[in-house]
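[1] no FASTA, just this:
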């Protein structure tokens, strides 16, 4: 079971197409891999601003819809046909746009989602113990 979607969610989304895209009941490896892939995309964008996986109940409902849109595109790409239905591609495109907005801070997941602390440019300071500096401002004065 994933963090945002599970097999029941994807069965409900794909309805009659589920059987043609995933040969079950014994082997769920492809289904599980596609759920993981959709959730990894969600987490890769959300991880820029939030602790992932996101656990806020409100945010999870929103991310579930996004993950399902991405999953459906992944599922159709797995199928034997050469085309993904246009409405599936459009929904997945909107989902990716929303994820980009989340990563850029233009769209938030709500007040109860745990935000990560970001530093300017993604850099962090590292403090290392060592010898006193050989060259400091006073020693370099006049150069």
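    On my side now, so go ahead. None of the values given here were measured: they were computed from a predicted structure. Residues are numbered from 1 along each chain as shown.

[2] from here on, just use CA atoms for contacts and neighbour counts.
    Will do.

[3] tell me the buried residues in the helix or strand bottoming out on mean pLDDT in the chain?
    Across the helices and strands of the chain, mean pLDDT, DSSP states H and E gives its lowest value to helix 18-21, namely a mean of 80. Of all the residues in helix 18-21, those buried under the rule 16 or more other CA atoms under 10 Å are 18, 21.

[4] what's the first helix or strand after that helix?
    The C-terminal neighbour of helix 18-21 among helices and strands, as given by DSSP states H and E, is helix 29-46.

[5] and that next one, how far from the chain's centre?
    Helix 29-46 has its average C-alpha position 8 Å from the chain's average C-alpha position, going by CA atoms, centre = their mean, to the nearest Å.

[6] buried residues, that helix. List them.
    Residues 31, 34-43, 45-46 are the ones in helix 29-46 that count as buried (16+ other CA under 10 Å).

[7] for residue 100, state which of those residues is nearest.
    The shortest gap between residue 100 and any of the buried residues of helix 29-46 belongs to residue 45, at 6.6 Å (CA to CA).

[8] need the pLDDT of the closest one.
    Listed pLDDT for residue 45 reads 95.

[9] pretty sure it sits against residue 97.
    No: using CA atoms under 8 Å as the test, residue 45 is too far from residue 97 to be in contact (10.4 Å).

[10] list the buried residues of the longest helix along the chain.
    For the chain, the helix reaching the highest residue count under DSSP state H is reported as helix 57-78. Buried residues in helix 57-78, counted by 16+ other CA under 10 Å: 59-60, 63-76.

[11] and those, which is closest to residue 91?
    Within these, proximity to residue 91 (CA to CA) peaks at residue 69, which comes in at 5.9 Å.

[12] ok, and the closest non-adjacent residue to the closest one?
    Taking CA to CA, 6 or more residues apart in numbering, and ignoring the residues beside it in sequence, residue 69 has residue 92 as its nearest neighbour in space, at 5.0 Å.

[13] which helix or strand contains the one you found?
    Short version, using DSSP H and E: residue 92 is in helix 86-104.

[14] show me what that helix packs onto, helices and strands only.
    Of the remaining helices and strands, those touching helix 86-104 by 3 or more CA pairs under 8 Å, 6 or more residues apart in numbering; DSSP states H and E are helix 29-46, helix 57-78.
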